[in-house]
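> I would like to see how this sequence folds:
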Amino acid sequence: MNLQSPHKGWATLAARRSKRWGVCYRQEHAAAGFPHYLVGVRLFPIQAVESLWVFCIVLMGSALILTSHRPGEALAWYIIAYGLGRFCFEFLRGDAARPYFWGFSEAQWMSLLLMGAVVWAEWSGWLPFQPWHAGATVLLALAMIAIALKRRFAKTARHRLLHPRHVKEVAEAVESGSNLTTEGTAIPGPNSDPIDIHIGCTSLDIQISASKIRDMAGCIYHYALSDRNGGMTEEIAQTVAELILQLKHSSCSNELITGSRGVFHLLVRPAPG
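Model prediction:
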């Protein structure tokens, strides 16, 4: 299939995506500091899940205090339980400004360190010893090692493509190209050459350009995806395409076409109305 046949085989991925539930933030939230490029994007409410987790931890900690458990047990319980939860929740957060080290966020490292400090305090007699606290801490450390190794030897560095900072870079590249297209760079026909198309490039050398194609059926948004070093694979293109769809076209039909010279073309047809 080539770029001159954009009407064939429109995928249903975006149609399925639009049915997923989540929270959409508005412009007033962006004015208060929420990332502007995520306005209108359906997001999983991880803050609500974390709040529920903390509520359950506090209930259990209160029970430990009210039932005359040894001093320090409630504190150790809170740190271990919250550390385990926060480590997992961090994979679902999208804070681009947060420090990261070796692929893990500051909060994940702090969770491991605090849990390790509790286990050390228990071994030293400062806190009542609980064997499962040591087991949970060792399990968390082994999980970090396993995740790091899996990422290291993965064929495609998907976690880097979907890292919050790279998501921001992709969103900014798409937004720049979309703004330029809105200002009048729409292509009058499928066989015409685009004019003044902006090409954005991320820190992972992913190049993204945006244009608009008009045909008899209406308008098609066209995104060209490539790697500045020529290493774009279908899996990478698919990951970036899904990200663009989630950011800009969550309810639109789409098609990803393999072009020449390592360039992939994402064609998006807006839903009627």
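> show me the domain layout of the protein.
Residue ranges for the domains of the chain, per automatic domain parsing: 13-21+159-269, 46-153.
> which stretches of this protein have low pLDDT?
Where the chain drops to pLDDT under 70, the residues are 1-20, 177-197, 217, 272-273.
> can you show me the helices along the stretch 101-250 of the chain?
Listed in chain order, the helices of the stretch 101-250 of the chain (DSSP state H, counting those that start in this stretch) span 106-123, 131-153, 158-161, 164-182, 234-248.
> dump those to JSON lines, plus mean neighbour count.
Placement of C-beta: from N, CA and C, glycine included. Formatted as JSON lines, those follow (neighbours: other CB atoms under 10 Å):
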{"stretch": "helix 106-123", "mean neighbour count": "18"}
{"stretch": "helix 131-153", "mean neighbour count": "13"}
{"stretch": "helix 158-161", "mean neighbour count": "15"}
{"stretch": "helix 164-182", "mean neighbour count": "19"}
{"stretch": "helix 234-248", "mean neighbour count": "19"}
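> ok, which of these comes nearest residue 225?
Comparing the helices of the stretch 101-250 of the chain against residue 225 with CB to CB, the closest turns out to be helix 234-248 (5.1 Å).
> with just CA atoms, put that closest one into CSV.
This file holds the C-alpha atoms of helix 234-248, laid out as CSV (Å, rounded to 0.1, in the frame of the first residue of the first chain):
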residue,chain,number,x,y,z
GLU,A,234,7.6,-0.6,12.6
GLU,A,235,7.4,-1.2,16.3
ILE,A,236,8.8,2.3,17.1
ALA,A,237,6.5,3.9,14.5
GLN,A,238,3.5,2.1,16.0
THR,A,239,4.3,3.3,19.5
VAL,A,240,4.8,6.9,18.4
ALA,A,241,1.7,6.7,16.3
GLU,A,242,-0.4,5.5,19.2
LEU,A,243,1.0,8.3,21.3
ILE,A,244,0.0,10.9,18.7
LEU,A,245,-3.5,9.4,18.4
GLN,A,246,-4.0,9.6,22.2
LEU,A,247,-2.7,13.2,22.4
LYS,A,248,-4.6,14.6,19.4
